[in-house]
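[1] my questions are about this predicted structure, shown below with the sequence.
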Amino acid sequence: MRLHTGLPDGVARGLELNILAALLDAGERPIRGQEYFPDHTLALILDLVDNHPAIRPQSVVIPAPRRGQLPLW
């Protein structure tokens, strides 16, 4: 389950259309209506959601410790 709030206008609908297109491109067809797909498609759906540029958290750069310093991680 994923809940993303505060997305810019149009992002949710664009992501939905992207997911539906990817599922159809993968040869998957809805099992009920237009939006219910088989359980085995969940990994693809979550991958698309988690890696969408508007949703994915920005990368954090952790600098290497200086000579003589111990890393905190």
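    Received it, and whenever you're ready, just let me know what you need.
[2] what's the burial count for residue 25?
    As a burial measure, the neighbour count of residue 25 was computed by other CB atoms under 10 Å and equals 8. Glycine gets a C-beta too; all of them are placed from N, C-alpha and C.
[3] next up, phi/psi of it, please.
    phi -60, psi -30 (degrees, to the nearest 10).
[4] ditto for residue 36
    Dihedral angles phi and psi of residue 36 (degrees, to the nearest 10) take the values phi -100, psi 120.
[5] and the nearest residue to it once chain neighbours are set aside, which of the three is it?
    Computed as CB to CB, 6 or more residues apart in numbering, the closest residue to residue 36 that is not its neighbour in sequence is residue 30, at 5.6 Å. Put simply, residue 30 is coil when judged by DSSP: H, G, I helix; E, B strand; the rest coil.
[6] residue 53 versus residue 30, what's the distance?
    Relative to residue 53, residue 30 is positioned 26 Å away (CB to CB, to the nearest Å).
[7] who has more neighbours out of the two?
    For residue 30 versus residue 53, the count of surrounding residues by other CB under 10 Å is larger for residue 30: 14 against 6.
[8] ok, that one touching residue 37?
    Yes. Between residue 30 and residue 37 there is a contact under CB atoms under 8 Å: 5.8 Å.
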